[in-house]
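my questions are about this predicted structure, shown below with the sequence.
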Amino acid sequence: MAPRLSPHLKNVEDEAVDKNIFRDCNKIAFYRRQKQWLSKKSAYQALLDSVTTDEDSTRFQIINEASKVTLLAEIYGIEGNIFRLKINEETPLKPRFEVPDVLTSKPSTVRLISCSGDTGNLILADGKGGLKCHITANPFKVDLVSEEEVVISINSLGQLYFEHLQILHKQRAAKENEEEASVDTSQENQEDLGLWEEKFGKFVDIKANGPSSIGLDFSLHGFEHLYGIPQHAESHQLKNTGDEDAYRLYNLDVYGYQIYDKMGIYGSVPYLLAHKLGRTIGIFWLNASETLVEINTEPAVEYTLSQMGPVAAKQKVRSRTHVHWMSESGIIDVFLLTGPTPSDVFKQYSHLTGTQAMPPLFSLGYHQCRWNYEDEQDVKAVDAGFDEHDIPYDAMWLDIEHTEGKRYFTWDKKRFPNPERMQELLRSKKRKLVVISDPHIKIDPDYSVYVKAKDQGFFVKNQEGEDFEGVCWPGLSSYLDFTNPKVREWYSSLFAFPVYQGSTDILFLWNDMNEPSVFRGPEQTMQKNAIHHGNWEHRELHNIYGFYHQMATAEGLIQRSKGKERPFVLTRSFFAGSQKYGAVWTGDNTAEWSYLKISIPMLLTLSITGISFCGADIGGFIGNPETELLVRWYQAGAYQPFFRGHATMNAKRREPWLFGKEHTRLIREAIRERYGLLPYWYSLFYHAHVASQPVMRPLWVEFPDELKTFDMEDEYMLGSALLVHPVTEPKATTVDVFLPGSNEVWYDYKTFAHWEGGCTVKIPVALDTIPVFQRGGSVVPIKTTVGKSTGWMTESSYGLRVALSTKGSSVGELYLDDGHSFQYLHQKQFLHRKFSFCSSVLINSSADQRGHYPSKCVVEQILVLGLRKEPSFVTTHSSDGKDQPVAFTYCAKTSSLSLEKLSLNIATDWEVRII
């Protein structure tokens, strides 16, 4: 939710949608400085006679002939085929900011062994011999070599850039130097390289220690397909950037953001992946200040020995992609993830930043939200509407109007006089409530949250040391400094039931406006020279503010349950590692077909950068979707991880039953399909949680050797078993679906029609069609009946959809626990079952003997697709040795076998034999 008209704030809406309030590259001073300096090509040199090595790292000095400032480089080998490079000033004026709290722990290092190098070279190996770092002294360059092939070159374009901190009295001298250096440039450039102060509109950013930006280039050999660095409303595959067209990572509140635009929006993950046939790699640039990324792919050319040296000479023709990272401040701290497979890179990244939190089961159901449900009566009526129209849902959401004058942790006494009673009504339906809590706190001496925070000095400060004040929903507000561990601890304590009056254990949280959004601030956010805990300027850590807000909220929900219950927290702003604390959504989208379409690549990009629990507002937050668009959005959303309908205040009401009987039926069917597949969804989230594999996957992740998949973004995989191709065009009668894998077979999820892989199929679609295909060789667990919410489905029976591969076999899994507590972790209370079909026998066995969870649930139905021959008979064989004949139905037309009315306990070993 971004600024709209409000009694306190006139014309905010006009400001919010005006793109001129946001900067593009040519208005960003550190970008202009780096570009101007790099045009002069002043090279850095490594002083290899300064090399020191210890257990953890290899260190050496780097010097630039022009500035004479010495930098210290450190190279670390990290377990799991990761390299880390840190570059800092050797003796900075004061410590430079290094991002804390994102890495889950201090990475386990692997000692790098110095191999023989020529004079002017140093070779470091990881001990296994497969990976080596070749360091060249003059000009400074690092080549990462795998099995004699250069994979990544660092600083091969000479774009290393490092502005050292200065003392203020040098300002005059610096300006004189600037003028001398800029003789050939325009007067405008001479005046404004933004060294000590930077102007944007009416705002002036004063820099106490002058310019402090950094930059470095990476050349990726043989790679043309890059992905990642969310969040942008852009294609999944990263595009080449032209002049003044870099990808910007700077968390901003952008209402109705433009699509196919590289401007920064709500969150930033400074991490990209590159993929080619035979290898996937990742680059994680750990920096929380404003960051720009330029990408330039060079087509294949022929290299000779004299150009590249003997190592690369073997590669006669190779393309290269250059990635240039620039950040406003901090240090260079970069992790090179060497793969070699997509799965390896996912594990390497989560080894550093953590895996997706295991969500409570209810949060995988459907969520109903708008700005705003008016009062308790409105909530009751909407809740009843779902039951009346037989549409399942799990959570009702309340936006900012539920509070008393936008004071978070309070309730509007007229609209919500009895919040406990309202929650008891939802509890009786086995549903939850999610409420909003933003980081700005209304300045009001009668508001206890404000008073306590002010008394303890818990707000961000301005340059004068006073509490920073900015305008947001409540009017004049101060902003909690979540970078301070004491503030986070205190904020977490506010969720305790006795403190947050009117809250119960079915109340969960939504963190919005946490970029942070400051109406009428520069680019609608906080001034960069605001001061945080530890005396750090906001510019150093802007992109991590929302990360800390969600961290404190999630911790609060865990603490209120004495550590027993899993939290659910949705955040709009995020950073690398936010996956550890909950879910993310794509913010203030618009009710247009193009925004439905762009949601797919946006979610794929979040998914491969660690954030599996992601979604887009169904129907579009802004405006009124036409009915066909709304239906198609529900159908797409049902097959995306976070599934929430949401709308802005002045949008027409759009509960699912308000669009006529036929459209209500179609929306009901889409939501019910989601609920039927929840066992599969939950199992996928367990895999994301323990094995780092994304839930929603671009095709190239599952088919890394199939070139055609590398730039596909209109279809995707859910896990490894289901391919989804949402309909994103109006009045569509057909869609072209690419079914990958020449050795694969694919089955239409509804009709059971099958196709061989490696081809594009024209699929007819009506308004009730959701193109979903099950991959041969998979077993998908489902629920055979759908309840009013996930809570009603705990005891209901399972079905298994067995889709045979070309070899007549299949495998699949089911993960099951209580759906809400941490007992799966602490007491190993879970079931993890494996289903395998081979030689006409389906076997249910334990996938993890450590887990135990009592379940009376049975497998009631089994559907086998791709069975070419009608069986003579079918029997079940249970662990107690009894064989039972089973009635079956075989359809020769679809080659499908259906077994009904079974009663096979999900938790015990058994076999189904088809003879």
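Happy to help now that I have it.

buried sites along stretch 93-110?
Buried residues in stretch 93-110, defined by neighbour count with 16 or more other Cβ atoms under 10 Å: 96, 97, 99, 102, 103, 107, 109, 110. All C-beta spots, glycine's among them, are computed from the backbone N, C-alpha and C.

in strands, which of those residues fall?
Counted as lying in strands by DSSP state E, out of these, are 109, 110.

buried ones in stretch 54-65?
Per 16+ other Cβ under 10 Å, stretch 54-65 contains these buried residues: 56, 57, 58, 59, 60, 61, 62, 63, 64.

what is the nearest of the buried residues of stretch 93-110 to residue 205?
Minimum distance to residue 205 across those is 16.4 Å, recorded for residue 97 (Cβ to Cβ).

confidence score at that closest one?
We have a pLDDT of 98 for residue 97.

pull the number of nearby residues for the spatially closest residue to it that is not a sequence neighbour.
Spatially, and ignoring its direct neighbours in sequence, residue 97 is nearest to residue 540 (3.8 Å; Cβ to Cβ, 6 or more residues apart in numbering). Neighbour count of residue 540, defined by other Cβ atoms under 10 Å: 24.

is it true that residue 540 lies in a strand?
No - counting by DSSP: H, G, I helix; E, B strand; the rest coil, residue 540 is not found in a strand; it is helix.

pLDDT below threshold where in this structure?
The chain contains residues with pLDDT under 70 at 1-17, 117, 129, 169-191, 301-317.

need the strands for the stretch 601-750 of the chain, in chain order.
Assigned by DSSP state E, counting those that start in this stretch, the strands in the stretch 601-750 of the chain fall at 614-615, 643-645, 696-697, 716-718, 722-724, 734-739, 745-748.

report the buried residues of the last one.
Judged by neighbour count (16+ other Cβ under 10 Å), strand 745-748 contains these buried residues: 745, 746, 747, 748.

okay, now the sheet partners of the helix or strand just after it, with direction.
The helix or strand immediately downstream of strand 745-748 is strand 754-756, counting by DSSP states H and E. Note on strand 754-756: by DSSP bridges, its sheet partners are strand 745-748 (antiparallel).

how close does the closest residue to residue 672 other than its chain neighbours sit to residue 365?
Distances taken as Cβ to Cβ, 6+ apart put residue 786 closest to residue 672, at 4.9 Å, once the chain neighbours are dropped. Applying Cβ to Cβ, to the nearest Å, the value for residue 786 to residue 365 is 10 Å.

cool, residue 140 as well?
On the measure of Cβ to Cβ, residue 140 and residue 365 end up 54 Å apart.

do residue 102 as well
30 Å.

one more: residue 241?
40 Å.

so for the two, which residue has more residues nearby?
Each of residue 241 and residue 365 has its neighbours counted (other Cβ under 10 Å); residue 365 has more, 24 against 18.

got a list of what that one touches?
392, 393, 394, 395, 643, 674, 675, 678, 789, 790 (Cβ atoms under 8 Å, 6 or more residues apart in numbering).

including distance to residue 203, could these go into TSV?
Below are the contacts of residue 365 laid out as TSV (distance: Cβ to Cβ, whole Å):
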residue	distance to residue 203
392	49
393	44
394	44
395	40
643	39
674	45
675	49
678	49
789	48
790	48
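
nearest to residue 30 among the buried residues of stretch 54-65?
So of those, ranked by how close each gets to residue 30 (Cβ to Cβ), first place is residue 64, at 17.1 Å.

dig out what the closest one forms beta bridges with.
According to DSSP bridges, beta-bridge pairing links residue 64 with residue 44.

how far away is it from residue 294?
21 Å.

same thing with residue 650?
Residue 650 is 39 Å from residue 294, by Cβ to Cβ.

swap in residue 746?
Distance from residue 746 to residue 294, counting by Cβ to Cβ: 39 Å.

again, but for residue 433
Following Cβ to Cβ, the distance that separates residue 433 from residue 294 is 45 Å.

swap in residue 440?
With Cβ to Cβ as the criterion, residue 440 and residue 294 are 34 Å apart.

buried ones in stretch 273-285?
So, applying 16+ other Cβ under 10 Å, buried residues of stretch 273-285: 273, 274, 275, 276, 279, 280, 281, 282, 283, 284, 285.

just these: which are in helices?
With helices defined by DSSP state H, no entry of the buried residues of stretch 273-285 lies inside them.

for these, which one is nearest residue 250?
residue 285 (13.8 Å).

contact partners for the closest one?
Neighbours of residue 285 in contact, by Cβ under 8 Å, 6+ apart: 270, 271, 291, 325, 327, 333, 334.

now secondary structure and distance to residue 379 too, for those, in CSV please.
Listed next are the contacts of residue 285 as CSV, based on DSSP: H, G, I helix; E, B strand; the rest coil; distance: Cβ to Cβ, whole Å:
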residue, secondary structure, distance to residue 379
270, coil, 40
271, strand, 40
291, strand, 42
325, strand, 47
327, strand, 45
333, strand, 47
334, strand, 48
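
so can I have a markdown table of the residues you listed showing distance to residue 130 and neighbour count?
Output for the contacts of residue 285, formatted as a markdown table (distance: Cβ to Cβ, whole Å; neighbours: other Cβ atoms under 10 Å):
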| residue | distance to residue 130 | neighbour count |
| --- | --- | --- |
| 270 | 27 | 25 |
| 271 | 23 | 25 |
| 291 | 31 | 28 |
| 325 | 26 | 25 |
| 327 | 31 | 29 |
| 333 | 24 | 20 |
| 334 | 20 | 20 |
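
from the residues you listed, pick the one nearest residue 821.
Nearest to residue 821 out of these is residue 271 (Cβ to Cβ; 31.4 Å).

beta-bridge partners for that closest one, please?
residue 284.

from what I see, it and residue 231 are in contact.
No - the pair residue 271 / residue 231 is not scored as a contact, 11.9 Å apart, by Cβ atoms under 8 Å.

now do the strands in the stretch 301-450 of the chain.
With DSSP E, counting those that start in this stretch as the criterion, the stretch 301-450 of the chain has strands spanning 317-327, 332-337, 366-368, 395-398, 432-436, 440-442.

what lines up beside the first one in the sheet?
As defined by DSSP bridges, the strand partners of strand 317-327 come to strand 214-221 (antiparallel), strand 291-302 (antiparallel).
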